[in-house]
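*Asks:* Next comes the sequence, and after it the predicted model I'd like to discuss.
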Amino acid sequence: MAGSVPVTSTVPPPRRPPGSGPHPASGARHWYENELGWKTVPGRPLRLVTGVRFDVLDVPAEAGAQALRHLVPGSPVALRGGRTLLLVAAGSAEELPGLLDWLEWGSLELDLRVLGAGGLMEAPVLHGAGAGRFAGAAAGSGTSAGPAGAAEPVQGAAVWLRPPGPGCEVEAALPALPGIGGVGQAPDLVRLVDTVATYCHRVRLRRLSAVRSARGRNQPLAFS
């Protein structure tokens, strides 16, 4: 009608719950960048930049399980498939070859990978059930349980076994070489690397033994 005043709605638009967004990764990205101060890169899957706040040792799950006894509770650890991702002090990747040589592991082929400066790590997922477990652990360790409303991970995605806590105290808990980045009761990188190298070697020997046994069973019997 001419001259009428348009009616405006006083009903506010719907609001998204905290931690949600167009994609579940949006809440996780906010958590990593704003709560932890860790750098991410654009795109999906969500990836973390290594070599700035931390480096990563990527080892078989068995070696990672043995390494846990050398880590303080605040030292973050993730799982991906049959691998354990151990966060260590930034700069450790550069020191690793010389450290393996010094420990007399350098001449052996080990299933031990490392990510350092310029590398990217798939951001471990904090999902529904896992987030609940992390929240319980966080209550006793001072760590953050992660973003609310995160999605369940796809099969094979990285997940946190020991999630990181907010703030720079994360770095103080990361294994480092004595006198290089070590703070307070931070674990020793030398002992950690020696442990994972030992178990990486044992895993490799078992695999070789299994292959040889299988080949032996498949050999035809020789009769004289």
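*Replies:* Cool, got the structure.
*Asks:* need the longest helix for this structure.
*Replies:* Under DSSP state H, the helix in the chain containing the largest number of residues is helix 189-218.
*Asks:* Which neighbouring elements make contact with that helix?
*Replies:* The criterion is 3 or more Cβ pairs under 8 Å, 6 or more residues apart in numbering; DSSP states H and E, and the helices and strands that helix 189-218 contacts are strand 55-60, helix 61-67, strand 83-88, helix 92-102. Backbone N, C-alpha and C define where each C-beta goes, glycine included.
*Asks:* tell me the angle of that helix relative to strand 55-60?
*Replies:* If you take axes from the mean of the first three to the mean of the last three Cα atoms, to 10 degrees, helix 189-218 sits at 30 degrees to strand 55-60.
*Asks:* Flag the shaky bits of the protein, pLDDT-wise.
*Replies:* Along the chain, segments meeting pLDDT under 70 span 1-25, 127-155, 166-169, 179-186, 216-224.
*Asks:* quick revisit: could you export the helices and strands packed on helix 189-218 as TSV, including mean neighbour count and distance to L110?
*Replies:* TSV is the format used below for these (neighbours: other Cβ atoms under 10 Å; distance: least, Cβ to Cβ, whole Å):
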stretch	mean neighbour count	distance to L110
strand 55-60	24	9
helix 61-67	19	9
strand 83-88	24	13
helix 92-102	17	8
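*Asks:* among these, which is nearest E35?
*Replies:* Nearest to E35 among the helices and strands packed on helix 189-218 is strand 83-88; the distance by Cβ to Cβ comes to 15.7 Å.
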